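A.B. asks: sequence unavailable; structure follows:
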């Protein structure tokens, strides 16, 4: 992990995720906390080397790779954790994540490990998207960027925005053939919202900070449009969800995966189907008693 200064009192701790740092002495603010205790330990060491003590974590959303260090850091520093209402439900009750992935049934053990389930932590302050707050002498505002998760937010300070997983850098888009999201329509709205802003710097959780958000937005929208068109090309003929996934994975050369990855990909495919159905582009039905989908 590497500590990178980005501007006056703004930095990231770059690793698998970018953890945002708003440097403010004993009132330093973190944007997310990484994927677990080991990462949180590295974050703690890098901060202490610079004489910084975290007093607040703001979670842009509740996925385990973003809030997995909350528990460790909250125990060590007794810090405040801030999130939105819907995301806080998952941060405080991580089992809900696996519960949802497994269609509301008791999940199998393969989706109850740390990859999907962070250690629970206590959210001490619930904020609303669009709200502005003050932490010590810092003014921080929040932008609605739902889509990757139900109530995902962007965090704005000093004309810099931490965007979480609302967009991915180009090399990340190439690596992940079907980037995870739970709501296609909201993801598009979030990207279009970002495209209409003029912040000095845009910091994704996965990828490289950028000043050219228009380019990043177009790359992400282009990827989403291609996935949608590939799904529609398969659904010229009626397919069950499993048949659709089988053909889509073959098209994208997704040959091997873990059980966790399967459920992430399945959720993403269902998000596209939900959007297409709501726009009356695809209809659902039954094929030999199994839920199916077909292009209208």
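C.D. replies: The structure has been received and is ready for your questions. Just so it is clear, the structure is predicted and the values come from calculations on it, not from any experiment.

A.B. asks: could you report the neighbour count for the nearest residue to residue 270 once chain neighbours are set aside?
C.D. replies: The shortest distance from residue 270 to any non-neighbouring residue, by C-beta to C-beta, 6 or more residues apart in numbering, is to residue 241 (7.3 Å). (C-beta placed from N, C-alpha, C; glycine too.) Using other C-beta atoms under 10 Å, residue 241 has 16 other residues around it.

A.B. asks: confirm residue 243 sits in a helix?
C.D. replies: Yes. The assignment for residue 243 (DSSP: H, G, I helix; E, B strand; the rest coil) places it in a helix.

A.B. asks: correct me, but residue 273 touches residue 293?
C.D. replies: Yes. Using C-beta atoms under 8 Å, residue 273 makes contact with residue 293 at a distance of 5.8 Å.

A.B. asks: related to what we said a few turns ago, quick one, what contacts the residue nearest to residue 270?
C.D. replies: 266, 269-270, 273, 291-293 (C-beta atoms under 8 Å, 6 or more residues apart in numbering).

A.B. asks: where do the domain boundaries of the chain fall?
C.D. replies: Following automatic domain parsing, one finds the domains of the chain at 2-225, 226-295.

A.B. asks: out of those, deepest packed?
C.D. replies: Neighbour counts (mean count of other C-beta atoms under 10 Å) averaged over each of the domains of the chain peak at domain 2-225, with a mean of 19.

A.B. asks: and the domains of the chain as CSV, adding mean pLDDT?
C.D. replies: Below are the domains of the chain laid out as CSV (pLDDT from 0 to 100):
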stretch, mean pLDDT
domain 2-225, 94
domain 226-295, 96
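
A.B. asks: excluding residues flanking it in the chain, which one is nearest residue 202?
C.D. replies: residue 213 (4.9 Å).

A.B. asks: revised request: answer the last question for residue 185.
C.D. replies: residue 275 (5.3 Å).

A.B. asks: quickly note the distance from the one you found to residue 104.
C.D. replies: Residue 275 sits 21 Å away from residue 104, going by C-beta to C-beta, to the nearest Å.

A.B. asks: look at the residue nearest to residue 185 and give its secondary structure.
C.D. replies: helix.

A.B. asks: quick check: it touching residue 184?
C.D. replies: Yes. Here residue 275 lies in contact with residue 184, judged by C-beta under 8 Å, at a distance of 3.8 Å.

A.B. asks: so what sits against both of the two?
C.D. replies: Shared contacts of residue 275 and residue 184, defined by C-beta under 8 Å, 6+ apart, comprise residue 228.

A.B. asks: doesn't residue 111 make contact with residue 99?
C.D. replies: No. Checked against C-beta under 8 Å, the pair residue 99 and residue 111 is beyond contact range at 9.5 Å.

A.B. asks: about what we covered before: between residue 273 and residue 293, what contacts are shared?
C.D. replies: 241, 244, 282, 284.

A.B. asks: distance check, the last one against residue 251.
C.D. replies: Pointing back at residue 284 there. Shown here: residue 284 relative to residue 251, a distance of 21 Å by C-beta to C-beta.

A.B. asks: measure the residue at minimal distance from the centre of the chain to residue 107 for me?
C.D. replies: When C-alpha atoms, centre = their mean is applied to the chain, the residue found nearest the centroid is residue 165 (4.0 Å). Residue 165 sits 22 Å away from residue 107, going by C-beta to C-beta.

A.B. asks: for residue 159, same thing?
C.D. replies: Distance, residue 159 to residue 107, using C-beta to C-beta: 42 Å.

A.B. asks: equivalent analysis for residue 6, please.
C.D. replies: Here the distance between residue 6 and residue 107 works out to 39 Å (C-beta to C-beta).

A.B. asks: repeat that for residue 134.
C.D. replies: The gap separating residue 134 from residue 107 is 40 Å, by C-beta to C-beta.

A.B. asks: please apply the same query to residue 94.
C.D. replies: Between residue 94 and residue 107 the computed distance is 11 Å (C-beta to C-beta).

A.B. asks: can you tell me the SS state at residue 294?
C.D. replies: Classification of residue 294 using three-state DSSP returns strand.

A.B. asks: name the nearest residue to it, sequence neighbours excluded.
C.D. replies: Excluding the flanking residues, the one nearest residue 294 by C-beta to C-beta, 6+ apart is residue 238, at 4.2 Å.

A.B. asks: wait, doesn't that neighbour sit right on residue 285?
C.D. replies: Yes. At 7.1 Å, residue 238 counts as touching residue 285 under the criterion of C-beta under 8 Å.

A.B. asks: sweet, I'm off.
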